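Peer 1: How does the following fold in three dimensions:
(one chain, ligands or ions: 1)
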Amino acid sequence: MNIQEPQDGTSWRDRLRSIPAFPDEMPDFEVADAPDDPLPLFEAWLTEAMATQVRQANMMTLSTIDGDHPAARTLILKDFGPSGFDFATARTTAKARQLAERPVASMLFYWTETGRQVEVRGPVVEAPEEEIQADWLQRPSSDGQPNPNWVVYRIEPEVIEFLQSKHSRRHTRIRYAREGDAWRLENLTAPEK
Ligand SMILES: Cc1cc2nc3c(=O)[nH]c(=O)nc-3n(C[C@H](O)[C@H](O)[C@H](O)COP(=O)(O)O)c2cc1C
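Peer 2: Numbers count the residues shown, from 1 in each chain. Presented below is the predicted three-dimensional model:
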């Protein structure tokens, strides 16, 4: 690549490899600990991320589809519950245009201090209008008036994947796939060599 290498003679390849991967202590999570429903697990992991002082534990990467390509950006999770996972934005944004065309999205969390990743994937709907305006009115920049340009979107999850990092690199990975009113649990953890 045509970029400036560090002055001290090391390569970017070496420097990137030298970055420590995980904290010394991470919570344990085994497939046998997985509940039938992914929501309480998400709640527990978010609670533990907040308790472990993860900065902006409500931060995630939202991916949408822009024509033939994925498009991603950092957003804040606004709420979650049995009806879905909420994020808010302006209707004039690229992501709002992309969602009008292809109403599907993926939300990706990574909490460094606990070594945990969660992906939430599914169709996207708009939250009810009163929830949209309530969210707008709670913003620091709100002038107290309704804002027709504001929208809260909701992912109705079809798939939720959890990863607990392990120092051994054999990370615990599970996937929940919605089947009607229930969830099918699949173990994605790599088999032991
Ligand atoms: C930490 C962080 C949080 C953000 N939260 C939001 C958010 O909740 N809603 C939002 O519309 N943009 C948020 N942004 C800005 C988005 O990343 C993005 O730049 C903007 O929404 C335009 O994206 P788009 O052009 O893909 O629609 C945030 C950025 C950062 C760095």
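
Peer 1: Please count neighbours and contacts with C-alpha atoms only from this point.
Peer 2: Will do.

Peer 1: Tell me who's in contact with residue 135.
Peer 2: Under the criterion of Cα atoms under 8 Å, 6 or more residues apart in numbering, the neighbours of residue 135 are 88, 152.

Peer 1: For the most centrally placed residue in the chain, grab phi and psi.
Peer 2: When the chain is reduced to its mean C-alpha position, the closest residue under Cα atoms, centre = their mean turns out to be residue 108, at 2.4 Å. Here the main-chain torsion angles of residue 108 (degrees, to the nearest 10) amount to phi -120, psi 120.

Peer 1: partner residues bridging the closest residue in space to residue 156 that isn't next to it in sequence?
Peer 2: When the adjacent residues along the chain are set aside, residue 156 lies closest to residue 84, with 4.7 Å between them (Cα to Cα, 6 or more residues apart in numbering). Beta bridges link residue 84 to residue 81 when assigned by DSSP bridges.

Peer 1: Tell me the predicted confidence for residue 84.
Peer 2: In this prediction, residue 84 carries a pLDDT score of 98.

Peer 1: just to revisit the earlier point, where's the nearest residue to the residue nearest to the centre of the chain once chain neighbours are set aside relative to the ligand, distance?
Peer 2: Nearest residue to residue 108 in three dimensions, chain neighbours excluded: residue 119, at 4.5 Å (Cα to Cα, 6+ apart). Look at residue 119 and the ligand: by Cα to the nearest ligand atom, to the nearest Å, they are 17 Å apart.

Peer 1: pretty sure residue 119 is in a strand, no?
Peer 2: Yes: secondary structure of residue 119 (DSSP: H, G, I helix; E, B strand; the rest coil): part of a strand.

Peer 1: contacting residues around it?
Peer 2: Contacts were defined as Cα under 8 Å, 6+ apart; by that measure residue 119 touches 106-109, 159-162.

Peer 1: With residue 85 instead?
Peer 2: Taking Cα under 8 Å, 6+ apart as the criterion, residue 85 is in contact with 77-79, 154-157.

Peer 1: Quick check: it vs residue 8, distance?
Peer 2: Spatial separation of residue 85 from residue 8 under the definition Cα to Cα, to the nearest Å is 46 Å.

Peer 1: Could you pull out the strands in the chain for me?
Peer 2: Under the criterion DSSP state E, the chain contains strands at 59-66, 69-76, 79-81, 84-90, 104-111, 116-126, 150-155, 159-164, 172-179, 182-187.

Peer 1: and the longest one with strand 172-179, angle?
Peer 2: In other words, strand 116-126. Strand 116-126 and strand 172-179 are oriented at 20 degrees to each other (axes from the mean of the first three to the mean of the last three Cα atoms, to 10 degrees).
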